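Undergrad: Based on what follows, work out the 3D shape:
(2 chains)
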Amino acid sequence: AQSVTQLGSHVSVSEGALVLLRCNYSSSVPPYLFWYVQYPNQGLQLLLKYTTGATLVKGINGFEAEFKKSETSFHLTKPSAHMSDAAEYFCAVTPVYGNNRLAFGKGNQVVVIP
Amino acid sequence: DTEVTQTPKHLVMGMTNKKSLKCEQHMGHRAMYWYKQKAKKPPELMFVYSYEKLSINESVPSRFSPECPNSSLLNLHLHALQPEDSALYLCASSQETALNTEAFFGQGTRLTVV
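TA: Numbering: from 1, shown residues only, chains lettered A, B, ... in the order given. Presented below is the predicted three-dimensional model:
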């Protein structure tokens, strides 16, 4: 079974500072990995994904993440936080084959301080 | 068109009511999903349809009844719900291929059971 760990439910960051959200996964084989963002009263929007190929992936809104197999991690970063980045962020995994069953982490609520 | 459209956006229903949530996508995706999301929690998978057939039921109570009338539509029929069923219900879709792909989410239906 797969699982995802996101530490620190609330993350406060100053405007213009680095955003770093950590995600570690547990899986018998490397899965596909995703970061989704959810704004208040909205659905989930895909920020970026890792399937195969380059381990540093770039997404929308200036976010990027690096897949590190040795550390079973897929941390999300953005060099400079903007007020519009305030949202809930979920890391998720799914097996490469078989049922496309997303397993989500508990999420990080990002607060941007002016 | 990369949208998953859910209606209604908000729904208030009594415990004796029967109502339906609707979801539509025109991306040619053959996998469709229902998720339930409580406040400050990650989405929880309820049902998965693959090629209009129910492939996963995550032990959901029978007061929730999914239906997939065709490849573009997904319904969730609700009957005799409880107040604890109040939540955001998210529909998602993805391509159905040998390798799993990302899921596209709708904006959700905010359900309140009174």
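
Undergrad: Quickly find the element holding the nearest residue to B:Ser55 once chain neighbours are set aside.
TA: Taking CB to CB, 6 or more residues apart in numbering or on different chains, and ignoring the residues beside it in sequence, B:Ser55 has B:Val48 as its nearest neighbour in space, at 5.0 Å. All C-beta atoms are positioned from the backbone trio N, CA, C, and that covers glycine. B:Val48 is part of strand B:44-50 when elements are defined by DSSP states H and E.

Undergrad: sorry, back to before: give me every residue that touches the residue nearest to B:Ser55.
TA: A:Asn99, A:Asn100, A:Arg101, B:Ala31, B:Met32, B:Tyr33, B:Leu54, B:Ser55, B:Ile56 (CB atoms under 8 Å, 6 or more residues apart in numbering or on different chains).

Undergrad: Can you tell me the number of residues neighbouring the second one?
TA: Pointing back at A:Asn100 there. A total of 25 residues lie near A:Asn100 under the criterion other CB atoms under 10 Å in any protein chain shown.

Undergrad: Can you list the strands that the strand or helix carrying A:Leu33 pairs with?
TA: Under the assignment given by DSSP H and E, the secondary-structure element containing A:Leu33 is strand A:32-38. According to DSSP bridges, strand A:32-38 forms sheet pairs with strand A:44-50 (antiparallel), strand A:87-94 (antiparallel).

Undergrad: could you dump these to TSV with distance to B:Leu90, mean neighbour count and mean pLDDT?
TA: Formatted as TSV, the strands paired with strand A:32-38 follow (distance: least, CB to CB, whole Å; neighbours: other CB atoms under 10 Å in any protein chain shown; pLDDT from 0 to 100):
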stretch	distance to B:Leu90	mean neighbour count	mean pLDDT
strand A:44-50	7	20	95
strand A:87-94	12	24	95
